[in-house]
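**Q** How does the following fold in three dimensions:
(2 chains)
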Amino acid sequence: MNSEDRRTHMLQLAAGAAFLAVAVVLVLIVVSASSSGDGGDTKLEGVPEVNRRLAGIPQHGMVLGDPSAPVEVLEFADLQCPYCKAFTEDQLPPIIENQIKKGEVKLAFHNFTIIGEQSLPAGAAALAAGAQGRGWNFVELFYKNQGNENSGYADDEFLRAIAKGAGVSDMAEWNEERQKVTAEVEATTAEAQELGFAGTPSLAIKGPGTAGLEPIEAQSTGDLEAAIEAAG
Amino acid sequence: MSYPSEGTLQRAIAFAAALGIGVAAYIAIAESGGGSPVCLAGSHGCATVAESSYSHVAGVNIAVFGIVAYCLLLASAFFADDLARFGGFLVALGGFGYSVFLTYIELFKIEAVCQWCAASAILMTILFLLAATRLIAYAGTAETLPDRA
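**A** Model (predicted):
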């Protein structure tokens, strides 16, 4: 083969490779666009928003924020509870943006399952996401897509979609883990009852300024900020 | 059509590939400890992209694939034969195509842009254009005659 033939042959191969590359990229984009990206057939709201808001904030289990923060706020909540959703979406964002990001406060989510039978597996699914550092992403994304209490929406497919949307990277491990942690969900529910809580969300706080774990009432962000100030 | 000399294209490829190695290595090192690259102007895009499921393929950080691709492109710049021209073109084509896909994912699926990933995509685009120009201009020419411009 002379050099001109070799050149022609090489350019033909290059054109074929370029055509193939364009086809592969188009297929990848079409496949990616046709999948929800959020898991299963369940279309979720707020995936980028939630993951963006929590990006860069340390998470250890169900604790959001610097583990060495002096003050810890414990939220006892049921993922099916609309008041918990309202609390998380309306009152918590300023606390997360300020005190938590500054490392002054850490926030622990504790399951207090009182709404219905799907609350327990939902709580366990959140803990399993927490084992992969995505617990608060799971909680916030669940609230973003919360349905009516006990309407049956929080089924297995829904939980899987939330976990995927929350960024749980190892779904097999998540699935295995959530089977193991139902006792932990029941334990925090019992803990909430021992603290005298009767509804969700219920809050408790501990820090240098408190005598151990103290229940608090926080009807507004201002109330919560005042309680944090007093506990610090 | 007049093309730059092959030597000029080789030097440009070597320079862009070296920059690409630096960018990809920074992303890989920053993410190796569970962290993320630092985005400029306080943007959280880098952390959002790093924490997405798209940042790894088969458990391997995609920045590692980037380092390998840039190293191959750098190596291709040191030889003036058809294997280097065609091999460099194929690597740059693959890198460019994957960069297009990842940019789509960032914009429309993750809805966050990592500035370091964007820098890498721009470098890979430049490398693809350089490698394609090199192949078109000099494919089939002898090693001893690198300057056909």
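
**Q** give the contact list for residue 32.
**A** Unless you meant another one, I'm taking chain A. Taking Cβ atoms under 8 Å, 6 or more residues apart in numbering or on different chains as the criterion, A:Ser32 is in contact with B:101, B:104-105, B:109. No exception for glycine: its C-beta is placed from N, CA and C like everyone else's.

**Q** oops, chain B please
**A** Contacts of B:Ser32 by Cβ under 8 Å, 6+ apart are B:Asn61.

**Q** Just the buried residues from the contacts of A:Ser32, in ChimeraX please.
**A** For the buried members of the contacts of A:Ser32, the matching ChimeraX selection, counting by 16 or more other Cβ atoms under 10 Å in any protein chain shown, is:
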select /B:101,105,109
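
**Q** can you narrow the contacts of A:Ser32 to ones near chain A?
**A** Counting by Cβ under 8 Å from any Cβ of the partner chain, B:101, B:104-105, B:109 from those sit close to chain A.

**Q** Which positions in chain B make contact with chain A?
**A** B:34, B:36, B:44, B:47-48, B:51-53, B:56, B:82, B:85-86, B:89-90, B:93-94, B:96-98, B:100-101, B:104-105, B:108-112, B:132, B:135-136, B:139-142.

**Q** Among the residues you listed, name the ones in helices.
**A** Mapping the residues of chain B next to chain A onto helices (DSSP state H) picks out B:47-48, B:51, B:82, B:85-86, B:89-90, B:93-94, B:96-98, B:100-101, B:104, B:132, B:135-136.

**Q** got the residue ranges for the strands in chain B?
**A** Assigned by DSSP state E, the strands in chain B fall at B:56-57, B:60-61.

**Q** what about the last one, average pLDDT?
**A** Just to be clear, that refers to strand B:60-61. Taken as a whole, strand B:60-61 has an average pLDDT of 84.

**Q** And for stretch A:54-64?
**A** Mean predicted lDDT for stretch A:54-64 stands at 91.

**Q** How about the strand or helix carrying A:Leu141 and chain B, any contact?
**A** Following DSSP states H and E, one finds A:Leu141 within helix A:135-144. No - using Cβ under 8 Å from any Cβ, helix A:135-144 stays clear of chain B, with a minimum separation of 8.8 Å.

**Q** just the strands in chain A please.
**A** A:59-60, A:63-64, A:71-77, A:105-111, A:202-206, A:214-216.

**Q** for the helix or strand bottoming out on mean pLDDT in chain B, packing partners?
**A** Lowest on mean pLDDT, DSSP states H and E among the helices and strands of chain B sits helix B:45-51, with a mean of 74. With contacts taken as 3 or more Cβ pairs under 8 Å, 6 or more residues apart in numbering or on different chains; DSSP states H and E, helix B:45-51 sits against helix A:47-54, helix B:6-32, helix B:115-138.

**Q** repeat that with 7 Å
**A** helix A:47-54, helix B:115-138 (3 or more Cβ pairs under 7 Å, 6 or more residues apart in numbering or on different chains; DSSP states H and E).

**Q** by contact count, what packs against the first one?
**A** Meaning helix A:47-54. Using 3+ Cβ pairs under 7 Å, 6+ apart as the test, helix A:47-54 ends up in contact with helix A:135-144, helix B:45-51.

**Q** Dump those into a markdown table; add mean neighbour count and distance to A:Gly61 as well.
**A** Listed next are these as a markdown table, based on neighbours: other Cβ atoms under 10 Å in any protein chain shown; distance: least, Cβ to Cβ, whole Å:
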| stretch | mean neighbour count | distance to A:Gly61 |
| --- | --- | --- |
| helix A:135-144 | 26 | 6 |
| helix B:45-51 | 25 | 17 |
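
**Q** Mind putting those helices into JSON lines with distance to A:Ala18?
**A** As requested, these are arranged in JSON lines below (distance: least, Cβ to Cβ, whole Å):
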{"stretch": "helix A:135-144", "distance to A:Ala18": "40"}
{"stretch": "helix B:45-51", "distance to A:Ala18": "27"}
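
**Q** Which residue is it, in chain B, that comes closest to chain A?
**A** Per Cβ to the nearest Cβ, the residue of chain B with the smallest distance to chain A is B:Gly140, at 2.7 Å.

**Q** follow-up on the earlier one: just the buried ones out of the residues of chain B next to chain A, please.
**A** B:36, B:44, B:47-48, B:51-52, B:82, B:85-86, B:89-90, B:93-94, B:96-98, B:100-101, B:105, B:109-110, B:112, B:132, B:135-136, B:139-141.

**Q** any low-confidence regions in the chain?
**A** No chain specified, so I'll use chain A. A:1, A:34-42 (pLDDT under 70).

**Q** right idea, wrong chain: chain B
**A** In chain B (pLDDT under 70), the answer is B:33-35, B:41-44, B:51-53, B:111, B:143-149.

**Q** Following the record's annotation, map out the domains of chain A.
**A** Following automatic domain parsing, chain A resolves into domains at A:1-34, A:47-231.

**Q** so which of those domains comes closest to B:Leu19?
**A** For the domains of chain A, proximity to B:Leu19 was assessed by Cβ to Cβ; domain A:1-34 is nearest, at 22.7 Å.

**Q** Centroid-nearest residue for chain B?
**A** Nearest residue to the geometric centre of chain B (Cα atoms, centre = their mean): B:Met124, 3.2 Å.

**Q** Just to check, it is in contact with B:Ser99?
**A** Yes - at 4.6 Å, B:Met124 counts as touching B:Ser99 under the criterion of Cβ atoms under 7 Å.

**Q** For chain B, what's its nearest residue on chain A.
**A** A:Arg7 (2.7 Å).

**Q** Flag every residue of chain A that's near chain B.
**A** With Cβ under 7 Å from any Cβ of the partner chain as the criterion, chain A meets chain B at residues A:3-4, A:6-7, A:10-11, A:14, A:17-18, A:21, A:24-25, A:28-29, A:32, A:37, A:48, A:51-52, A:55-56, A:167, A:169.

**Q** Going through these, which ones are buried?
**A** Buried among those by 16+ other Cβ under 10 Å: A:7, A:10-11, A:14, A:17-18, A:21, A:25, A:28-29, A:37, A:48, A:51-52, A:55-56, A:167, A:169.
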